Structures are given as C-alpha cells and as structure tokens.
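**Q** Provided below for reference: sequence and predicted model.
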Amino acid sequence: SPAVGHLSPAGTSMLADVADEDELGRVLELFPQYSSIWNIHQSGSGDKSIDDAFYERDVQQLELAFEGQMHFAVFYAYVKLKEQEIRNLVWISECILQQQKDEINKFVPVFSQHSPWRAKKAGAGR
C-alpha cells in the first residue's frame, strides 16, 4: 500500500480490517484529521453521510489552493472542484427525476458564502 497521508502505515492496515460503521468510527477517532469528519457524520442524525463529510472537507481544502500564489495546486484544485460541481448537478438532477425536491439542497456548495466552513468563520469573527 502507498505510504501517503495521515493514515499510513498503521491506519491503512487498521482500515483493511473494518467490517462495519462502528469499527470505522473507532479507527477514525484515532486520527485527529479524520475524527472531526467522523463527528460531523455522527452528529448529522442521518442527514449527512460520511461521503458527504469527506466531500465537504475536500472542497474546503481545494478552495484554499486559490489563496496561495506561484504554485500549480490551483490547476489540480480547479479540476477537482469542477468534478464536485458535476456531482452536485447529478444530485440535483436525480432529485428532480425522483420527485425528491425536498432533498435538492443537500449538495456540497463550491465557493459559496453558505458553505459550512465559511459560516463558522463568519460566526467566529463576530
């Protein structure tokens, strides 16, 4: 397995043995970078899946790439944010097709003032 990221090597071997969501939570709690995502998922009362929490984290980090200068990360971030926009459009389309219009707003906003992480910053600055 690749030796990249916060989970390598102990976390990746622990994740390989995970059989259910409770075990996943116990493994993620050991890593601060991911325990916050797990806590968001746990407190979401079923509204937000673990995938959604990871997508939100990814979008937040990708948006930060645009705040730096003189690097190529912005091109990678641009492509990844476009992929998220496509996921959002597919979600909205599926909600319309399945007549689930009350679920439409459960997408991950990109460069939105209503993003969960921007709302936290605005609330902290008051």
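**A** Happy to help now that I have it.

**Q** Quick one: the helices in this protein, in order.
**A** Under the criterion DSSP state H, helices of the chain are mapped to 10-16, 21-28, 32-43, 50-64, 73-97, 116-124.

**Q** remind me which residues of this structure are low pLDDT?
**A** Scanning the chain for pLDDT under 70 picks out 1-4, 44-46, 119-126.

**Q** picking that back up, out of the helices of the chain, nearest to Glu103?
**A** helix 73-97 (5.0 Å; Cβ to Cβ). Every C-beta, even on glycine, is put in place using the N, C-alpha and C of the backbone.

**Q** Which strands and helices lie in contact with that closest one?
**A** For helix 73-97, the packing partners by 3 or more Cβ pairs under 8 Å, 6 or more residues apart in numbering; DSSP states H and E come out as helix 50-64.

**Q** now the angle between helix 21-28 and the helix it packs on, please.
**A** 30 degrees (axes from the mean of the first three to the mean of the last three Cα atoms, to 10 degrees).

**Q** In helix 50-64, which residues are buried?
**A** For helix 50-64, a neighbour-count test (16 or more other Cβ atoms under 10 Å) marks Ile50, Asp52, Ala53, Tyr55, Glu56, Arg57, Asp58, Val59, Leu62, Glu63 as buried.

**Q** Alpha carbons of stretch 87-97, in CSV - could you do that?
**A** Extracted C-alpha coordinates of stretch 87-97, given in CSV (Å, rounded to 0.1, in the frame of the first residue of the first chain):
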residue,chain,number,x,y,z
ARG,A,87,-21.6,15.6,-8.6
ASN,A,88,-23.8,18.4,-7.4
LEU,A,89,-25.6,18.7,-10.8
VAL,A,90,-26.1,14.9,-10.9
TRP,A,91,-27.5,15.1,-7.4
ILE,A,92,-29.9,17.9,-8.3
SER,A,93,-31.0,16.1,-11.5
GLU,A,94,-31.6,12.8,-9.7
CYS,A,95,-33.7,14.6,-7.0
ILE,A,96,-35.8,16.2,-9.7
LEU,A,97,-36.2,13.0,-11.6
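
**Q** What residues sit buried inside that stretch?
**A** For stretch 87-97, the neighbour count (16+ other Cβ under 10 Å) marks Asn88, Trp91, Ile92, Cys95 as buried.

**Q** Appreciated, that's everything.
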